[in-house]
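[1] structure for this input, please:
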Amino acid sequence: MEVTEKPLKLRYFLDTEFWDKEIVDFQVELISIAMISEDNREFYGISEDFDPNGCDDYWLSEHVIAKLPPQEDRIK
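    Next up is the predicted model:
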């Protein structure tokens, strides 16, 4: 009789960044989404619809947008 291992159950963690445009009826725009698994596989995506030049939120500009890769380095 062959002994087989049970499939490994992994947890996945999801993180998103949004820009809350309070001035326009509480409109929210997705900036980026990230997912990482316990075995360190990861995915990171940046919304093509988000225009960083139009964002007037100081905190987002300093802590999120400044850390995004340049558009020319992004994979489409």
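[2] who are the neighbours in contact with the residue nearest the centre of the chain?
    The chain has residue 33 as the residue nearest its centroid, 2.0 Å off, counting by CA atoms, centre = their mean. Residues near residue 33 by CB atoms under 8 Å, 6 or more residues apart in numbering: 14, 15, 16, 17, 44, 45, 47. Glycine gets a C-beta too; all of them are placed from N, C-alpha and C.
[3] could you check how far the second one is from residue 25?
    Going back to what we said before, that points to residue 15. Applying CB to CB, to the nearest Å, the value for residue 15 to residue 25 is 26 Å.
[4] the two - which one has more neighbours?
    The residue with more neighbours, out of residue 15 and residue 25, is residue 15; 10 against 6, by other CB atoms under 10 Å.
[5] just the residues contacting the helix or strand where the more buried one lies, thanks.
    Per DSSP states H and E: residue 15 is located in strand 12-21. By CB under 8 Å, 6+ apart, the surrounding residues in contact with strand 12-21 are 26-38, 50, 55, 57, 60, 64.
[6] now the buried members of these.
    Among these, those buried by neighbour count (16 or more other CB atoms under 10 Å) are 29, 31, 32, 50, 55, 60, 64.
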